[in-house]
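Participant: Structure for this input, please:
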Amino acid sequence: MNPVVTIGVWSALFVGTHLLISSSMIRPRLVDRLGEQAFRGVYSLVAFATFIPLIVVYAQHKHCGPLVWYLRAIAPIRWLAWLMMLAALIFLVAGLLNPNPAAIGVPASRRVRGIQKVTRHPSFIAFTFFGLAHLLMNGWAGDVLFFGSFPALGVLGGLHHDSRKFHEIGEPYRRFVAETAFFPGLALFDSRQRWRSDDMPWLAIGIGIAETVVLVMLHPKIFGGAPLG
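Facilitator: Numbers count the residues shown, from 1 in each chain. A predicted model of the protein is given here:
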């Protein structure tokens, strides 16, 4: 099979199975039959069963297919890619430190604070930024399909998550959605939220900067070629 097609198939399976298994049609049935913990195990197993082959296929056919765009020689674009990676790492860490009310074990009534004022889905935004940063530096068809799966999962996953939580949690989650935004900064821009000094995720910023420095140094050695490529 053509390597570009193979990458496309595994990318579609990676994104599609995430959305399908967690859908309101499939998830409740599996939870009822297996239990919550077993469902999480199945979900993780399917995720690994699609993501690992995707990684392997991409690693074997990196930069395959026709070149769609080439932006590596443009210095501002390279800096933009690194800034997006920094933002992705900060959002990911901040989301883990300050999960939204839909997360397991978090009270649905907890007030909006910190990174939630920027976006209610920092992890999904992190996936999106990661994918977009690498898309800027990798314009071959196979790369576009591989890295494009991350923003696809980020955007579709966030919207799908909201839709499912409306059904599961009800009014408390509807209020949370009304007070926040998926698109970063929108709730602050339209005054649904006000930023305060104690909202600043200093720990996440520090960890994100440290991770970015390490990534800048090790990326060419680990992944080969140019940074982010």
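
Participant: Backbone dihedrals for residue 183, please?
Facilitator: phi -70, psi 120 (degrees, to the nearest 10).

Participant: how near is the closest residue to residue 69 other than its chain neighbours to residue 30?
Facilitator: Nearest residue to residue 69 in three dimensions, chain neighbours excluded: residue 139, at 3.7 Å (Cβ to Cβ, 6 or more residues apart in numbering). Using the backbone N, CA and C atoms, a C-beta is placed for each residue, glycine as well. Going from residue 139 to residue 30 by Cβ to Cβ, to the nearest Å gives 39 Å.

Participant: next one: residue 73
Facilitator: Taking Cβ to Cβ as the measure, residue 73 falls 49 Å from residue 30.

Participant: ok, and the helix or strand in the protein with the lowest average confidence?
Facilitator: Of all helical and strand segments in the chain, the minimum by mean pLDDT, DSSP states H and E falls on helix 27-34, at a mean of 82.

Participant: show me the contacts for residue 129.
Facilitator: 84-85, 87-88, 91 (Cβ atoms under 8 Å, 6 or more residues apart in numbering).

Participant: make it 10 Å
Facilitator: Residue 129 makes contact with 81, 83-92, 150-151, 154, 184, according to Cβ atoms under 10 Å, 6 or more residues apart in numbering.

Participant: What subset of those residues is buried?
Facilitator: Using 16 or more other Cβ atoms under 10 Å as the burial test, those include 81, 84-92, 150-151, 154, 184 as buried.

Participant: Could you pick out which of those residues are located in helices?
Facilitator: 81, 84-92, 150-151, 154 (DSSP state H).

Participant: give me every residue that touches residue 193.
Facilitator: 112-113, 116-118, 179-181, 185-187, 199 are the contacts of residue 193 under Cβ under 10 Å, 6+ apart.

Participant: Widest-spaced pair of the residues you listed?
Facilitator: Spatial extent of those (Cβ to Cβ) is set by the pair 113 and 186 at 16.9 Å.

Participant: Quick one: distance of whichever helix or strand residue 45 is part of to the chain centre.
Facilitator: Per DSSP states H and E: residue 45 is located in helix 36-60. Distance of helix 36-60 from its chain centroid, counting by Cα atoms, centre = their mean, to the nearest Å, is 15 Å.

Participant: got a list of what the spatially most central residue of the chain touches?
Facilitator: Nearest residue to the geometric centre of the chain (Cα atoms, centre = their mean): residue 127, 2.1 Å. By Cβ under 10 Å, 6+ apart, the residues touching residue 127 are 88, 91-92, 121, 149-155, 157-158.

Participant: swap in residue 73?
Facilitator: Contacts of residue 73 (Cβ under 10 Å, 6+ apart): none.

Participant: got it, and residue 212?
Facilitator: Contacts of residue 212 by Cβ under 10 Å, 6+ apart are 82-83, 85-90.

Participant: ok, now how distant is it from residue 29?
Facilitator: Residue 212 is 42 Å from residue 29, by Cβ to Cβ.

Participant: Helices of the chain, start to end?
Facilitator: Using DSSP H, helices in the chain cover 3-21, 27-34, 36-60, 75-97, 122-137, 141-169, 171-179, 186-189, 202-223.

Participant: Give me the domain ranges for the protein.
Facilitator: 1-61, 67-223 (automatic domain parsing).

Participant: most neighbours per residue, which of those domains?
Facilitator: Mean neighbour count (mean count of other Cβ atoms under 10 Å) peaks for domain 67-223 among the domains of the chain, with a mean of 17.
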